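Asks: Predicted model and sequence follow; I will ask about them next.
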Number of protein chains: 2
Amino acid sequence: MTSTQNKPASVNAQSGLFYTKNLDYPGFDFEITHECPKTGARTGRLTTPHGTIETPNYIFCGTKASIKNLSPMQMAEAQTDIILANTYHLMIQPGADLVQKMGGLHKFMNWNGPMLTDSGGFQVFSMGHGSCADEIKGRSTGTKKESLLEITEEGAVFKSYLDGRKLMLNPEISMELQHKLGADLIMQMDECTAYQVTKDYTAKSMEMSMRWGDRSLAAFEKHHNGSQALYGIVQGGIYHDLRVESAQYVADRPFFGTAVGGCLGGSDEEMYGILDVVKPYRRPERPVHFLGIGKIKDVFRSVRYGIDTFDCVAPTRMARHGMAHIKGAQGERINLVNACFRDDPTPLDADGMSSIDIPASREFSKSYIHHLLKAKEMLAYQILTQHNVAVINRLMREVRAAIKEGTLDALEKEWLAE
Amino acid sequence: MTSTQNKPASVNAQSGLFYTKNLDYPGFDFEITHECPKTGARTGRLTTPHGTIETPNYIFCGTKASIKNLSPMQMAEAQTDIILANTYHLMIQPGADLVQKMGGLHKFMNWNGPMLTDSGGFQVFSMGHGSCADEIKGRSTGTKKESLLEITEEGAVFKSYLDGRKLMLNPEISMELQHKLGADLIMQMDECTAYQVTKDYTAKSMEMSMRWGDRSLAAFEKHHNGSQALYGIVQGGIYHDLRVESAQYVADRPFFGTAVGGCLGGSDEEMYGILDVVKPYRRPERPVHFLGIGKIKDVFRSVRYGIDTFDCVAPTRMARHGMAHIKGAQGERINLVNACFRDDPTPLDADGMSSIDIPASREFSKSYIHHLLKAKEMLAYQILTQHNVAVINRLMREVRAAIKEGTLDALEKEWLAE
């Protein structure tokens, strides 16, 4: 892994940035417990007011304040440490005021562990441009902007996915919404650019994201009572010099954590090229979150660039398409809809190597799950979702142990089929 | 409760009945533990190869070998004793041969308690005529027969709901299918007539159901190995003399249990009139199952006619429409979709009187469930289904205790709003 070894430059004075205060995060801590000189991966302990998690770790997606098909108890049974919810969806339904009135997200959804919310910006922009995953991965869908009405320095105006009413999201509103929702880890407002945009547009957008970052910090400070910690987001698209500039900006501001977001290119090479460029410019003592990325192969590669936390809808969304994560399976998974499972009496975790000893993984045959999927019985999705979550949590435990023991390469070979 | 006090007459010799053997049910037992002289209700213990249940009890509907939205572990957590699956659905998908190959229904769906299957006939006829509930309750829908192609002495020919292929169900096929599925309690094949049919049609149909009953007994005997017990079904529609004749038939045959099926009229009065007429002609030492009926008010009234087991989709289907059973609520339930619950911080079982101490009933606010329903999050249905099942199981425990203590009237007042 080569990387540009330049020292962080001073922040671009032309971008009109103004936030210069320091912020304390008294209820939070990030301690690096091990760094592997060979692979570059590290382990740590991330403390929040709702508990401490070991890193690297995986943040499961509970978009509308619910992990689809799973109760918080089932998430805990699958040994989940941390989850997220999406500000964009919750601001529309049921509204952040209602969540605050009900005691905040933790109490509302009955999840007592650490939580993260995003700024809401990502969905505003990605739903405007096409699908989220398509945008991060640089796949063009040709979908027209349907819900995003206007982006200005002030913020973004968009149509509600629910009833079409016109809504505004900007740094101040995002901070207020996230404050009301009350997750532990929260995100600055940024613009998430599409793959197709020019370098010039990306640069201008990144500079606006920096100004939005400063406005986010100022608005965050207003509500700051020690219960939340703010992440800055590194933008800059696929352009390495812009990524460096954005990483320097985040490093120079009193964010608690660093997130890597925005367009990550059209190939794994482009994506890891970006992580490689960013790594020397991020503040190493801060936790680094990789936004929206989290296939098993991505986890193994990204931890080598010092990524501490991941989030991705893949484990839960795959379950809703009948797919189960299996250690060592081709493509990381099997598809239970396939006819070959019709009379397969073995459970999902037949050899005890993929998941943990929970009924979802051990007590239902593939034949039964195949039947449930064909019959469109919801129990299928409950079983597969809990299994996939348990598998990813086991993966992360094994990854942490392997980083400490220097056996990450060997573990990667076990998990990923050739 | 008045009832006709005639002694059972001998079976109608003109109907061509021929099954005269005795059948033993060595793995089964039904013991009456208490009979209340005042109300006519009784408690008992029904033993099957998969365990003993106290009666009166409620059999939850797992149509396609799954209680919708709940795992068997969640059913057990809600203190469920017994469930059923539908032969009609399973013969089409995944097929009884596949279930048998996978070790039978209990193993296939991972439910180790007692189970019941129906003959498949009810769905063949009711899906042919309209909806099941409409037919039992005598509501005319005007729906045309769509899937039922032909009813003859031989059996019923119908179209698969899945792919339209032509299928046959008759007593021999039903017994073979139920043998392969392997539930503990199984049902004879009968014709379920619609409300609109004449007395003449009902009589002819009932006589055919008797001949089908004898063919069911003969076919059952062929497979009989002590693992299953057969129920005869009392037909005769809304015509009391036919109900008496049918009840006498069932009493005169070596069925293990008595089921009351078919059209029960258009009002509660007609329905309870039928139970009243049947009661003196059923064999009192046999368990009595009431097919497809099971609102809370029905439970309280029916146990007074000596009904021992109920089955109904209501508790699980209501959950899928956002409704929660609450002790003493108007109409037995509340509708969580209603706007009044938007900011209600109390859990479903706020006073601890309706359900039991499970997270579904105690740890989620009505506000959160309202949000989940509005957001179409599947977790809502899991929570509401488990709550409703737990409520009905608590109801049945309280009903059994009240029968023993002679306090059924008082309990009924607690459960049902004025």
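Replies: Looks like it came in fine.
Asks: could you list every residue that touches the most centrally placed residue in chain A?
Replies: The structure's chain A has its C-alpha centroid closest to residue A:311; by CA atoms, centre = their mean the separation is 2.7 Å. By CB atoms under 8 Å, 6 or more residues apart in numbering or on different chains, residue A:311 lies in contact with A:58, A:59, A:60, A:61, A:84, A:116, A:289, A:290, A:291, A:292, A:293, A:294. (Each C-beta comes from the backbone N, C-alpha and C, glycine too.)
Asks: do the same with residue A:217
Replies: A:19, A:21, A:23, A:188, A:230, A:253, A:254, A:255.
Asks: What is the nearest of these to residue B:348?
Replies: Lowest distance from residue B:348 to those (CB to CB) belongs to residue A:230, with 36.5 Å.
Asks: Then that closest one would be within a strand, right?
Replies: Yes. Applying DSSP: H, G, I helix; E, B strand; the rest coil, one finds residue A:230 inside a strand.
Asks: How about it, nearest residue that isn't a chain neighbour?
Replies: residue A:220 (4.9 Å; CB to CB, 6 or more residues apart in numbering or on different chains).
Asks: wait, the one you found sits on residue A:175?
Replies: Yes. Using CB atoms under 8 Å, residue A:220 is in contact with residue A:175, at 5.1 Å.
Asks: what residues are shared contacts of those two?
Replies: Common neighbours of residue A:220 and residue A:175 (CB under 8 Å, 6+ apart) are residue A:186.
Asks: Tell me who's in contact with the most far-flung residue of chain A relative to its centre.
Replies: Distance from the C-alpha centroid of chain A, by CA atoms, centre = their mean, peaks at residue A:343 (37.0 Å). By CB under 8 Å, 6+ apart, the contact set of residue A:343 is A:367, B:98, B:101, B:102.
Asks: helix/strand/coil for it?
Replies: Taken by three-state DSSP, the conformation at residue A:343 corresponds to coil.
Asks: and it, backbone torsions?
Replies: Residue A:343 adopts backbone torsions of phi -120, psi 30, taken as degrees, to the nearest 10.
Asks: And the one 4 residues further on, by the same measure?
Replies: Reported as degrees, to the nearest 10, the phi and psi values for residue A:347 are phi -80, psi 170.
Asks: Alpha carbons only: can I get stretch A:59-71 in PDB?
Replies: Presented in PDB, the C-alpha positions along stretch A:59-71 are these (Å, rounded to 0.1, in the frame of the first residue of the first chain):
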ATOM      1  CA  ILE A  59     -23.200  -0.400  12.000                       C
ATOM      2  CA  PHE A  60     -26.500  -2.000  10.800                       C
ATOM      3  CA  CYS A  61     -29.000   0.100   9.000                       C
ATOM      4  CA  GLY A  62     -32.300   0.800  10.800                       C
ATOM      5  CA  THR A  63     -33.500   3.400   8.300                       C
ATOM      6  CA  LYS A  64     -36.900   4.200   9.700                       C
ATOM      7  CA  ALA A  65     -36.000   3.500  13.400                       C
ATOM      8  CA  SER A  66     -36.300  -0.300  12.700                       C
ATOM      9  CA  ILE A  67     -33.900  -2.900  11.400                       C
ATOM     10  CA  LYS A  68     -36.200  -4.400   8.900                       C
ATOM     11  CA  ASN A  69     -37.900  -7.600  10.200                       C
ATOM     12  CA  LEU A  70     -35.900  -7.700  13.500                       C
ATOM     13  CA  SER A  71     -36.700  -6.500  17.000                       C
END
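Asks: A strand includes residue A:259, no?
Replies: Yes. Assigned with three-state DSSP, residue A:259 falls within a strand.
Asks: That one contacts residue A:234, doesn't it?
Replies: Yes. Under the contact definition of CB under 8 Å, residue A:259 touches residue A:234, with a separation of 6.8 Å.
Asks: Look at these two and report which has more neighbours.
Replies: The residue with more neighbours, out of residue A:259 and residue A:234, is residue A:234; 31 against 28, by other CB atoms under 10 Å in any protein chain shown.
Asks: OK, contacts around the more buried one?
Replies: Contacts of residue A:234 by CB under 8 Å, 6+ apart are A:243, A:246, A:247, A:250, A:258, A:259, A:260, A:261, A:262, A:278, A:282.
Asks: hmm, try it at 10 Å
Replies: Residues counted as contacts of residue A:234 (CB atoms under 10 Å, 6 or more residues apart in numbering or on different chains) are A:190, A:206, A:209, A:242-251, A:258-262, A:274-275, A:277-278, A:281-282, A:288, A:291.
Asks: quick one on the thing from earlier: narrow the contacts of residue A:217 to those in strands?
Replies: Per DSSP state E, strands hold the following members of the contacts of residue A:217: residue A:230.
Asks: Mind telling me the two of the contacts of residue A:217 farthest from one another?
Replies: Largest separation among the contacts of residue A:217 by CB to CB: A:21 and A:188, giving 14.9 Å.
Asks: Mind checking which of those two has more residues around it?
Replies: Shown here are residue A:21 and residue A:188; by other CB under 10 Å, residue A:188 has more neighbours (30 against 9).
Asks: Surely the more buried one and residue A:213 touch.
Replies: Yes. Counting by CB atoms under 10 Å, residue A:213 is a contact partner of residue A:188 at 4.7 Å.
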